[in-house]
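In: A predicted structure for the sequence below; I have some questions about it.
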Amino acid sequence: MEYSNEHLRQILKRTKTVAIVGVSANQIRPSYFVARYLGLKGYRVIPVNPGLAGQTLLGETVYSDVSAIPDEVDMVDIFRRSDAVPAIVEASLARWPNLQTVWMQIGVMHAEATALAQARRVDVIQDRCPKIEYQRLFSELRMGGFATGIISSKLGH
């Protein structure tokens, strides 16, 4: 999938609250690292994982699924297998009539779910990571994609 830099930048600028579906409490998992990073960048990150429901992760209550989240969400970021995407997109569209973006992580794609969301005028990004795109678009990566040291996977940094 090709997305213009301006389109991705616009999505990342307008988004304030992100539900991350499939987030892990394991601090070395990509979903945890992305959630933590987005939180450090000022986004409100609402974790979604049925195995952690009711617990607190990164300062927020973890919900079992998107339909249980009581607050408005601008973007749903999906860290699940592609075959799980349709149910997540359907539940998200039902829960938030004004949802702006469905974002599917690297390796996650689903044409029918994409068409369903786009029919509701929701932007859909597939097979990309918002953390990587944020770093790339807002000059947090140096040439070659090496980390600038702005964020670390170690606690307390």
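Out: Received it, and whenever you're ready, just let me know what you need.
In: just the helices in this protein please.
Out: For the chain, the helices defined by DSSP state H occupy 5-14, 30-40, 85-95, 111-119, 130-137.
In: Would you format those helices as TSV with distance to residue 76 and mean neighbour count included?
Out: In short, each C-beta sits where N, CA and C put it, glycine included. Output for the helices of the chain, formatted as TSV (distance: least, CB to CB, whole Å; neighbours: other CB atoms under 10 Å):
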stretch	distance to residue 76	mean neighbour count
helix 5-14	12	14
helix 30-40	13	19
helix 85-95	5	19
helix 111-119	9	15
helix 130-137	11	19
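In: Show the contacting residues for the most centrally placed residue in the chain.
Out: Geometric centre of the chain, nearest residue: residue 77, 2.6 Å, by CA atoms, centre = their mean. Counting by CB atoms under 8 Å, 6 or more residues apart in numbering, residue 77 touches 18, 19, 20, 21, 34, 103, 105, 130.
In: How about residue 41?
Out: residue 134.
In: Quickly note the distance from it to residue 129.
Out: Separation of residue 41 from residue 129 (CB to CB, to the nearest Å): 13 Å.
In: circling back: residue 59: which of the helices of the chain is closest?
Out: Residue 59 lies closest to helix 30-40 among these, at 7.5 Å (CB to CB).
In: if we can go back for a sec, which one of the helices of the chain lies nearest to residue 55?
Out: helix 30-40 (13.0 Å).
In: could you give the mean pLDDT of that closest one?
Out: Averaging pLDDT along helix 30-40 yields 97.
In: re the thing from before, export the contacts of residue 77 to TSV and tack on distance to residue 68?
Out: As requested, those are exported to TSV (distance: CB to CB, whole Å):
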residue	distance to residue 68
18	16
19	10
20	14
21	11
34	21
103	20
105	21
130	22
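In: which one of the residues you listed is nearest residue 53?
Out: The closest of the contacts of residue 77, once distances to residue 53 are taken by CB to CB, is residue 21, at 12.3 Å.
In: Was I right to think the closest one contacts residue 75?
Out: No: between residue 21 and residue 75 there is no contact under CB atoms under 8 Å: 10.8 Å.
In: Counting neighbours, what do you get for residue 22?
Out: 19 (other CB atoms under 10 Å).
In: go on, residue 126?
Out: Neighbour number of residue 126 under other CB under 10 Å is 21.
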